[in-house]
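**Student:** Fold the following, please.
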Amino acid sequence: MQPKTVLITGCSSGIGHATAKLFLTEDWRVYATARDPADIGTVTDHDACRALELDVTADGHCRRAVNRVMHESGRIDCLVNNAGYGQLGPIEDVPIRQVGKQFDVNVYGPHRLTRLVLPHMREQGTGTIVNISSVSGRVGFPGAGVYCGSKAALELMTDALRAEIDEYGLD
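**Tutor:** Below is the predicted model of the structure:
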């Protein structure tokens, strides 16, 4: 039986790194990604883990990552959209280009990858997409309005996606 395959973004530290380790303990084939795969560390010492370069803000990077996973594994059972960061500062002080960068990583990145994996998951008849958000997507606080806004957008997109893909047996 072929192991299940997961593609995880933002594995250089924190939640992404820990998530990769957890999937490995459950005998999944893990594709751990980061802008610089050298930052992923020892999690890739495991035979079932592959490190991939992935900048979620670049369409070409996203396509190449999904294509590689499909080529090597023939399936994507789970996508974990974890890559993200927090743009801090009062809203009036954050330049619009920084707002765009925040949304590009925290909202558009998950959207790019979701659009790329869904056709494969529908064809398989199974699959799960996990979007890592934050309580900041539900409760805003001063000095983090841009970050909170990006996480709120991700929360609501995830709610809509859940209903859109349910009929295909996807989660």
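**Student:** Please count neighbours and contacts with C-alpha atoms only from this point.
**Tutor:** OK.
**Student:** Sketch out the low-pLDDT regions of the protein for me.
**Tutor:** Along the chain, the model assigns pLDDT under 70 to residues 1.
**Student:** Measure how buried G127 is and give me the count.
**Tutor:** Residues lying near G127 (other CA atoms under 10 Å) number 24.
**Student:** Check L52 too.
**Tutor:** Using other CA under 10 Å, L52 has 24 neighbouring residues.
**Student:** need the contact list for it.
**Tutor:** Neighbouring residues of L52 by CA atoms under 8 Å, 6 or more residues apart in numbering: 31-34, 37, 65.
**Student:** Please state the offset of stretch 37-45 from the chain centre?
**Tutor:** 17 Å (CA atoms, centre = their mean, to the nearest Å).
**Student:** same question, stretch 106-125
**Tutor:** How far stretch 106-125 lies from its chain's middle: 10 Å, per CA atoms, centre = their mean.
**Student:** mind saving the C-alpha coords of it as PDB?
**Tutor:** Extracted C-alpha coordinates of stretch 106-125, given in PDB (Å, rounded to 0.1, in the frame of the first residue of the first chain):
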ATOM      1  CA  ASN A 106      -1.000  34.700   4.200                       C
ATOM      2  CA  VAL A 107      -3.900  34.700   1.800                       C
ATOM      3  CA  TYR A 108      -2.900  34.500  -1.800                       C
ATOM      4  CA  GLY A 109      -0.300  31.800  -1.100                       C
ATOM      5  CA  PRO A 110      -2.800  29.300   0.300                       C
ATOM      6  CA  HIS A 111      -5.200  30.200  -2.500                       C
ATOM      7  CA  ARG A 112      -2.500  29.500  -5.200                       C
ATOM      8  CA  LEU A 113      -1.700  26.100  -3.700                       C
ATOM      9  CA  THR A 114      -5.300  25.100  -3.000                       C
ATOM     10  CA  ARG A 115      -6.200  25.800  -6.700                       C
ATOM     11  CA  LEU A 116      -3.300  23.600  -7.800                       C
ATOM     12  CA  VAL A 117      -4.100  20.600  -5.500                       C
ATOM     13  CA  LEU A 118      -7.900  20.500  -5.800                       C
ATOM     14  CA  PRO A 119      -8.100  18.900  -9.300                       C
ATOM     15  CA  HIS A 120      -5.800  16.100  -8.100                       C
ATOM     16  CA  MET A 121      -7.800  15.600  -4.900                       C
ATOM     17  CA  ARG A 122     -11.100  15.500  -6.800                       C
ATOM     18  CA  GLU A 123      -9.600  12.900  -9.200                       C
ATOM     19  CA  GLN A 124      -8.500  10.800  -6.200                       C
ATOM     20  CA  GLY A 125     -11.900  11.300  -4.500                       C
END
